[in-house]
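Trainee: Sequence isn't available, so here's the structure alone:
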Ligand code: URA
């Protein structure tokens, strides 16, 4: 069987060390720690067993897991994009036409994060180029940000078939790419477009209506959550609150602090 991932191994080591220092009395361990170790090891074992051979031709899931550290150490966006192009950490690479890594200035002050590529994006390999993308461009212009001045990407780098909602395992497989993108770009503000991006970044199940209108933090970066442009096409009444959210991002860029930037 393939070895579990490095994170699970590290947790297991802590668990065993604590158990030894407690002379076998595992009751001295924090329950949460123990649960986490068991959960992570079980997940790593399941993934290793499930992926002995993939339908796409022989890459094993342990190969896929081995790319984990490579992602976190990618020295620049080009290297990271190449890792995405050859990625098989989930099954979406089998149905996609093109990976959609993201695009924009490597030193952008703003990173816009959407959900996942749609049909146009899958065709072209570029994020937000369909109808929702055109609206996104106009929204950004309304706060003085031409598309070329920001970085645009998605939580998922491959299109889910028929635009279905991303699955949790797809999000976990793809999240390290987004993390590394953000770490390389070091934006001043992240704008999460739509409930999916907001909930993923903020690790919450809260409704977007509760998340918008204020400034959150993700890995130290300020996050402004707002409606997805595709949702605005269906609900034009949400354009006004979206514009107000974007004003928060604008104020942050203009040097106003989190508290003063938020609405109300
Ligand atoms: N919707 C998204 O969330 N991302 C895209 O790139 C296009 C549409």
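Mentor: Everything's here; your move. This one's a predicted model, so the numbers in the text were calculated from it and none came from an experiment. Numbering: from 1, shown residues only.

Trainee: and the residue of the chain found nearest the ligand, how many neighbours?
Mentor: Relative to the ligand, the nearest point of the chain is residue 114 (2.9 Å; CB to the nearest ligand atom). For the C-beta atoms, the positions are set from N, CA and C on the backbone; glycine is no exception. Using other CB atoms under 10 Å, residue 114 has 28 neighbouring residues.

Trainee: For it, give the beta-bridge partners.
Mentor: residue 154 (DSSP bridges).

Trainee: A strand includes residue 244, no?
Mentor: No. Under DSSP: H, G, I helix; E, B strand; the rest coil, residue 244 falls outside any strand and is assigned helix.

Trainee: do you know how far it is from residue 225?
Mentor: To residue 225, residue 244 is 12 Å away according to CB to CB, to the nearest Å.

Trainee: quick one: which of these two has more around it?
Mentor: residue 225 (29 against 15).

Trainee: Show me which residues of the protein sit near the ligand.
Mentor: Within the chain, the positions adjacent to the ligand are 114-118, 121, 127-128, 130, 132-133, 154, 230 by CB under 6 Å from any ligand atom.

Trainee: mind running it again at 5 Å?
Mentor: 114-115, 117-118, 121, 127-128, 132, 154 (CB under 5 Å from any ligand atom).

Trainee: What's the first helix or strand after whatever helix or strand residue 249 lives in?
Mentor: Here residue 249 sits within helix 239-253, counting by DSSP states H and E. Using DSSP H and E, the helix or strand that follows helix 239-253 in sequence is helix 258-261.

Trainee: Surely residue 76 and residue 82 touch.
Mentor: No. Between residue 76 and residue 82 there is no contact under CB atoms under 8 Å: 10.1 Å.

Trainee: Could you check how far the residue nearest to residue 208 when sequence neighbours are not counted is from residue 212?
Mentor: Take residue 208 and drop its neighbours on the chain: the residue closest to it by CB to CB, 6 or more residues apart in numbering is residue 195, 4.2 Å away. Separation of residue 195 from residue 212 (CB to CB): 10 Å.
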